[in-house]
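Peer 1: any chance you can model this:
(one chain, ligands or ions: 1)
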Amino acid sequence: MNVLVTGGAGYIGSHAVKRLHGDGHRVVVIDNLVRGHRAAVPDGVTFVELDLRQTEAVTDVLREHGVECVMHFAALAYVGESVEQPLRYYDNNVGGSMSLLRAIDAAGVKRMVFSSTCATYGEPAPEHMPMNESLPQQPINPYGWSKLMTERALIDYAVATPDFAFVAHRYFNVAGSAADGSIGEDHRPETHLIPILLQAALGQREHVTVFGDDYPTPDGTCIRDYIHVEDLIDAHVVAMDALNDTGTTGGDSGGGGRFFNLGIGRGYSVREVIDAAKRVTGVDFAVKDGARRAGDPPQLFADPSKIKRELGWSATYTDIESMIETAWKWFQAHPKGYVDDA
Ligand code: UDP
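Peer 2: The predicted structure is shown next:
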């Protein structure tokens, strides 16, 4: 198939490009390189440096490449930054998605897989764990709202456009790297737990800080559901295939839209992730207890049974150590990340 991957130079998008390209699809990437890395896109994949808000240019790309399905990853994705710069987040994430949809409409593309987030649920009470797709969506930050607004626009567009169908995947915590170590996580600045632990193991950080040890969880630290990036991408490919097979039938929302929570279905505490990273790396890096980080819910983990039931997908990496092993391979081979802008 001819597939457009937006944000294909980013951490998650580049893993989608690698998989789709490897499967023999014709892939075109649009990325504005604000957060992505040109070196993350392999040779042989068409790369267009473009901001999604350039509607006419995006329409031209869709037409020129005969795009049949769009995988839409491009977004700014730092929760804290979204609180400080809400307009930038709404403009980029919602504005970019609206422009992309207008281009999709103009070019007549019928399929889309959208990168959404468990942040659209906000802070569900502990009795709602594990989290299923019917929980109320009450984001607590502009990042979560920007994704929820895009979900809403997709629903309404699909209702108004009977031959358009989409899947929105709501991600939990994405972790790990391609098993061959060729691409990986390189966020600047880095805020995510596992890369920070691996940077500490490499001696690039003097210590790691645990953000809060007085949460109402068994060891007092926050619990998250970590899903391996290759499993996550596999769920996108499965969704794309399902859209091709069933088109607009079986939607959750009156039109051809379906929503899935993507996690492994169990949580690991910050302390457990730290211990696993020490075992994998063999480095006993320094750990300090610090204050809570604003906006961190005590626990978030998925009920992934809907996607298993409806699309037959489940994660193959189910323990945190094996996920960290793949990330460690990337960090050891690329201690400074991508060299294009290191
Ligand atoms: N965390 C931490 N120290 C760090 C970075 C993260 O204790 O240096 C915690 C964070 O508070 C959260 C968990 O690790 O409970 C996962 O954070 P991350 O930023 O990786 O993902 P998030 O859950 O915010 O999407």
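Peer 1: burial check on the residue of the stretch 101-250 of the chain found nearest the ligand, number of neighbours?
Peer 2: Taking CB to the nearest ligand atom, the ligand has its nearest neighbour within the stretch 101-250 of the chain at Cys222, 3.1 Å off. No exception for glycine: its C-beta is placed from N, CA and C like everyone else's. Residues near Cys222, counting by other CB atoms under 10 Å, number 25.
Peer 1: and the gap between it and Arg205?
Peer 2: 20 Å (CB to CB, to the nearest Å).
Peer 1: got the contact list for whichever strand or helix holds Ile12?
Peer 2: Ile12 belongs to helix 11-22 when assigned by DSSP states H and E. Residues outside helix 11-22 that contact it (CB atoms under 8 Å, 6 or more residues apart in numbering) are 3, 5-8, 27, 29, 31, 36-37, 40-42, 44-45, 71, 73-74, 115, 171, 174, 177-178, 182-187, 229-230, 232-234, 236-237.
Peer 1: hang on, Ile320 packs against Ser269?
Peer 2: No. The pair Ile320 and Ser269 fails to qualify as a contact (CB atoms under 8 Å) at a distance of 10.1 Å.
Peer 1: quick one, which of those two is more surrounded?
Peer 2: Ranked by neighbour count (other CB under 10 Å), Ile320 and Ser269 place Ile320 first, with 25 against 21.
Peer 1: backbone phi and psi for the residue of the stretch 101-250 of the chain closest to the ligand, please?
Peer 2: Summarising the backbone geometry of Cys222 under the convention degrees, to the nearest 10, its torsions are phi -70, psi 150.
Peer 1: same question, the one 5 residues further on
Peer 2: Dihedral pair for Ile227: phi -120, psi 140, per degrees, to the nearest 10.
Peer 1: do you know the pLDDT at it?
Peer 2: We note a pLDDT of 98 for Ile227 in this prediction.
Peer 1: list the contacts of it.
Peer 2: So, once contact is read as CB under 8 Å, 6+ apart, Ile227 ends up touching 171-175, 262-264, 315, 317.
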